[in-house]
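1. what follows is a predicted structure for the sequence shown.
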Amino acid sequence: MFEQSNELNIKKRQFKVNWTQEEENILFSMASPDKKNSWKSISILLSNKTPSQCFYRFHSSKAPVNKKKWNVEEDKIIKDFVKIHGKKWEEIAKLLNLRSSKQIKQRYINKLDENLIRSKFNEEEDQKIISFFMKYGSKWSFISKSFQGRTPEMLKSRFYSALQKRIIFNNCQNNNNNYQMEFSKEKVNILFIILLIKYILQNK
């Protein structure tokens, strides 16, 4: 038993080596949790680290992520790369210091895509959002496929910031109830859930 425990400790210690910030930057920029990594290839760039040590370091700690505001140069790199090579988020991440592929994807989809419509929602769009929500619920990614130039986040924000209250207001008017907009967010959510249950029961 003692021998087995001692062997495990020796194996564990062999991965506990010192890493510099520069080495970690190289490791986390080359490796990705979304794909099969070639630890041997990565270790070649880190002359004093083995493939096993690279694997252990990557999976035993969270990759550092740059959470600073996006700058003009980063945005330009993303837009230019997408225009030439397509939406290869992992490849773009290798060009940007400590930006994850997920960060880059969200940045492009929500801010940089030139096909985005940034104007106010019109009445036709509002009615369409309400109709789709009542039919599919909060499946914003699915719903957004029927809206050109509007992201899931845009639709979600529009619904909860304005349309949810409108549904409650219209329902109260139809039932000749007095309605005040001075409801807290919690009360609005409760009222909406009640209306949603009523709608589902009526359309069974």
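-> Sure, I can see it.
2. buried set for stretch 149-162?
-> By 16 or more other C-beta atoms under 10 Å, the buried positions in stretch 149-162 come out as Arg150, Thr151, Pro152, Met154, Leu155, Lys156, Arg158, Phe159. Where you see a C-beta, it was placed from the backbone N, CA and C, and this is true even at glycine.
3. ok now the helix or strand that Glu73 is a member of, how far from the chain's centre?
-> Using DSSP states H and E, Glu73 sits in helix 72-85. Computed by C-alpha atoms, centre = their mean, to the nearest Å, the chain-centroid distance of helix 72-85 equals 19 Å.
4. what helices or strands is that helix leaning on?
-> Applying 3 or more C-beta pairs under 8 Å, 6 or more residues apart in numbering; DSSP states H and E, we find helix 72-85 packed against helix 89-93, helix 101-107.
5. hmm, back to that, which two of the buried residues of stretch 149-162 have the greatest separation?
-> Thr151 and Phe159 (12.9 Å; C-beta to C-beta).
6. contacts only, for Glu23.
-> By C-beta atoms under 8 Å, 6 or more residues apart in numbering, the contact set of Glu23 is Leu46, Lys49.
7. and the pLDDT at it?
-> Listed pLDDT for Glu23 reads 84.
8. report the secondary structure state of it.
-> helix (DSSP: H, G, I helix; E, B strand; the rest coil).
9. mind checking which helix or strand Arg118 is in?
-> Going by DSSP H and E, Arg118 is not part of any helix or strand.
10. what number of residues are in the vicinity of the closest residue in space to Ser32 that isn't next to it in sequence?
-> By the measure of C-beta to C-beta, 6 or more residues apart in numbering, the closest residue to Ser32 outside its immediate chain neighbours is Glu90, 5.5 Å from it. If you count neighbours by other C-beta atoms under 10 Å, Glu90 ends up with 14.
11. quick check: Glu90 vs Ser29, distance?
-> 10 Å (C-beta to C-beta, to the nearest Å).
12. and the residue nearest to Lys94 when sequence neighbours are not counted, how far from Phe133?
-> Distances taken as C-beta to C-beta, 6+ apart place Ser29 nearest to Lys94, at 5.8 Å, with adjacent residues excluded. Distance of Ser29 to Phe133, computed by C-beta to C-beta: 40 Å.
13. Ile44 too?
-> 52 Å.
14. so what does the host helix or strand of Arg57 touch, helix or strand wise?
-> If you go by DSSP H and E, Arg57 is part of helix 51-60. Applying 3+ C-beta pairs under 8 Å, 6+ apart, we find helix 51-60 packed against helix 21-30, helix 39-45.
15. point out where the protein drops to low pLDDT.
-> In the predicted model of the chain, residues 1-16, 33-34, 61-66, 170-204 satisfy pLDDT under 70.
16. how is it partitioned into domains?
-> According to automatic domain parsing, the chain comprises the domains 2-60, 72-112, 123-202.
17. out of those, deepest packed?
-> Highest mean neighbour count of the domains of the chain: domain 72-112, a mean of 16 (counted as mean count of other C-beta atoms under 10 Å).
18. gap between the two ends of it?
-> End-to-end distance for domain 72-112: 11 Å, by C-alpha to C-alpha, to the nearest Å.
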